[in-house]
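Asker: no FASTA, just this:
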């Protein structure tokens with residue numbers, strides 16, 4: 001394998017890691033949205049049904065606990081509205097799909113093209129341009145590490161920066 005092919009494999013590895021990292025980040029935001037939504041729903045339902053049952057006639061519940069629960073629901077829904085985890089989840093999901101598209105553009109190039117071919121160099125420039133044009137969003141480090149471990153588990157890629165000779169790093 002020549003240096004250009006190793007570089008493409010390294011790009012594929014990096015892109016694959018970013019693809020998974022954004023998918024994991026999307027799942028995390030979806031879980032936040034679901035947790036806040038279900039929590040607010042349960043608390044609101046509890047408050048609503050408490051007023052329907054006259055046997056719950058403890059003054060401390062109606063005067064302090066129910067207003068506190070209603071206050072917590074207001075905070076949860078306000079927080080959810082402010083941080084917009086559903087929108088962030090969708091943005092990360094779409095970005096993960098964009099990385100996947102770029103990775104799939106590299107695969108046939110790596111398999112069928114010769115590095116001496118001028119189309120090969122042009123294809124590398126096009127792919128690099130697409131990669132550079134993607135918006136970069138923050139991904140939690142634990143999601144990136146999880147993605148890196150998953151891609152490493154596939155055992156399809158050489159070591160990081162494996163296309164650079166060892167003596168050039170000294």
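Answerer: The structure has been received and is ready for your questions. Not measured: the values here are computed from a predicted model.
Asker: any idea how far residue 29 is from residue 140?
Answerer: In this structure, residue 140 and residue 29 are separated by 10 Å, where distance is defined by CB to CB, to the nearest Å. For glycine as for every other residue, the C-beta is placed from the backbone atoms N, C-alpha and C.
Asker: in terms of neighbours, single out the busier of the two.
Answerer: For residue 140 and residue 29, the more surrounded residue by other CB atoms under 10 Å is residue 29, and the numbers stand at 21 against 13.
Asker: which ones are touching the more buried one?
Answerer: Contacts of residue 29 were listed using CB atoms under 8 Å, 6 or more residues apart in numbering, and they are 85-86, 88-89, 92.
Asker: hmm, who's touching whichever helix or strand residue 124 is part of?
Answerer: Element membership of residue 124 [criterion: DSSP states H and E] is helix 118-133. With CB under 8 Å, 6+ apart as the contact definition, helix 118-133 has outside contacts at 4, 8, 11, 15, 102, 105-106, 109, 113-114.
Asker: packing partners for the helix or strand harbouring residue 142?
Answerer: Secondary structure assignment for residue 142, by DSSP H and E: helix 141-154. Helix 141-154 makes packing contacts with helix 3-50 when contacts are defined by 3 or more CB pairs under 8 Å, 6 or more residues apart in numbering; DSSP states H and E.
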